[in-house]
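Chemist: pasting the sequence and the predicted model now:
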Amino acid sequence: MTDQTAPMEGTPLIQPSSTDHPLYDNIVDACRTVYDPEIPVNIYDLGLIYTISITDESDVFIKMSLTAPGCPVAGEMPGWVADAVAPLAGVKTVDVDLVWEPQWGMDMMSDEARLELGFM
């Protein structure tokens, strides 16, 4: 008998990104231009960008989080990301959603971010 309340095995907590889409690398670069005002590292390397999903029509859907729910720029940060991505050639629309699951943790940071913040 299986536990019906447990998440399905193999279901990722974070939806995979469209890494094979031709716009993906440019969108990542645009996300790297946005910084958390309290931490001197871009939000992509901090691990705050969870998913970049790009449709065949070049509509971009980004799921992101913040380091803490009480972050003072919680209402503004998604707009900063949308403003960074929207002008890219080939991008049709941008929709940025703020999510809290899974909760962000320092283990989501890139090695570069850890090094810059003195955690390596």
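Modeler: Thanks, I have the structure now. Numbering: from 1, shown residues only.
Chemist: tell me which residue is most central in this protein.
Modeler: Ile49 (0.9 Å; Cα atoms, centre = their mean).
Chemist: thought it was touching Phe61?
Modeler: No: using Cβ atoms under 8 Å, Ile49 is not in contact with Phe61, being 11.7 Å away. Yep, even glycine has a C-beta here, placed from its N, CA and C like the rest.
Chemist: count of residues packed around Asp83?
Modeler: 14 (other Cβ atoms under 10 Å).
Chemist: distance check, it against Thr33.
Modeler: Per Cβ to Cβ, to the nearest Å, Asp83 is found 10 Å from Thr33.
Chemist: still on that earlier bit, phi and psi next, for the residue nearest to the centre of the chain.
Modeler: The phi/psi pair for Ile49 (degrees, to the nearest 10) reads phi -90, psi 110.
Chemist: and it, bridged to which residues?
Modeler: Residues in a beta bridge with Ile49, per DSSP bridges, are Met64.
Chemist: contacts only, for it.
Modeler: Residues near Ile49 by Cβ atoms under 8 Å, 6 or more residues apart in numbering: 28, 31, 43, 62-64, 81.
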